[in-house]
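**Student:** Only the shape, not the letters, is given here:
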């Protein structure tokens with residue numbers, strides 16, 4: 001919520017890094033032996049002056065969007081964000097070679113620009129694990145809802161979900 005309000009984040013819990021200027025293995029704290037995933041706040045650099053496409057080229061390769069954007073829905077609020085999945089390719093397009101580096105880019109679903117906020121994204125970067133199906137089920141990505149307000153536990157016995165869901169979007 002602090003990032004949404006353009007306020008500084010306490011103690012850099014999630015660092016601000018230009019993820020599209022660095023190769024994934026050079027990002028701070030990324031070590032495939034120690035951490036499975038890293039989160040960064042980043043800004044989207046527009047590739048063309050009058051366009052919407054982001055510049056995602058690095059020294060060694062580029063991030064390429066894959067699949068459809070997914071809508072992130074919240075109960076009683078509706079659409080709150082968009083998730084884009086990207087894969088890192090080594091080399092130059094269109095002949096780059098696919099790697100196992102994956103980025104999930106989360107952005108707010110805004111209809112009106114608010115002081116450059118639409119340029120900010122939350123990036124989750126991880127190295128996709130190769131293995132059998134049983135291992136893959138253990139490594140199902142978890143969505144952390146950084147925008148949710150903490151809920152106070154009550155004595156009621158009702159158990160509900162966070163109300164956050166993901167849906168494929170055909171309009172993005």
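**Tutor:** Now that the structure is in, tell me what you want to look at. This is a predicted model, so every value here is computed, not measured. Numbering: from 1, shown residues only.
**Student:** State the mean pLDDT of the helix or strand residue 70 falls within.
**Tutor:** According to DSSP states H and E, residue 70 maps onto strand 61-74. In this model, strand 61-74 has a mean pLDDT of 93.
**Student:** Which strands or helices does that strand pack on?
**Tutor:** Using 3 or more CB pairs under 8 Å, 6 or more residues apart in numbering; DSSP states H and E, the elements in contact with strand 61-74 are strand 78-90, strand 97-108, strand 164-168. Using the backbone N, CA and C atoms, a C-beta is placed for each residue, glycine as well.
**Student:** would you turn those strands into JSON lines with distance to residue 18, mean neighbour count and mean pLDDT?
**Tutor:** Output for the helices and strands packed on strand 61-74, formatted as JSON lines (distance: least, CB to CB, whole Å; neighbours: other CB atoms under 10 Å; pLDDT from 0 to 100):
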{"stretch": "strand 78-90", "distance to residue 18": "15", "mean neighbour count": "18", "mean pLDDT": "94"}
{"stretch": "strand 97-108", "distance to residue 18": "13", "mean neighbour count": "18", "mean pLDDT": "94"}
{"stretch": "strand 164-168", "distance to residue 18": "26", "mean neighbour count": "13", "mean pLDDT": "64"}
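**Student:** Next up, phi/psi of the closest residue in space to residue 60 that isn't next to it in sequence, please.
**Tutor:** Sequence neighbours aside, residue 23 is the residue nearest to residue 60 in space, at 4.8 Å (criterion: CB to CB, 6 or more residues apart in numbering). Main-chain torsions, residue 23, degrees, to the nearest 10: phi -70, psi 150.
**Student:** picking that back up, residue 39: which of the helices and strands packed on strand 61-74 is closest?
**Tutor:** strand 97-108 (9.4 Å; CB to CB).
**Student:** Which residues does that closest one contact?
**Tutor:** Contacts of strand 97-108 with the rest of the structure, by CB atoms under 8 Å, 6 or more residues apart in numbering, involve 4, 19, 24-25, 44, 61, 63, 72, 80-91, 117-118, 120-130, 141.
**Student:** Apply 6 Å and report the result again.
**Tutor:** Contacts to strand 97-108, defined as CB atoms under 6 Å, 6 or more residues apart in numbering, come from residues 24, 63, 81-91, 121-128.
**Student:** same question, stretch 16-33
**Tutor:** By CB under 6 Å, 6+ apart, the residues outside stretch 16-33 that reach it are 38, 40-42, 56, 58-60, 88, 101, 123, 125, 127.
**Student:** rounded to a whole number, what's the mean pLDDT of it?
**Tutor:** The model assigns stretch 16-33 a mean pLDDT of 80.
**Student:** I'd like the helices and strands packed on strand 61-74 laid out as JSON lines, including distance to residue 13.
**Tutor:** Compiled in JSON lines, these are given as follows (distance: least, CB to CB, whole Å):
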{"stretch": "strand 78-90", "distance to residue 13": "19"}
{"stretch": "strand 97-108", "distance to residue 13": "16"}
{"stretch": "strand 164-168", "distance to residue 13": "20"}
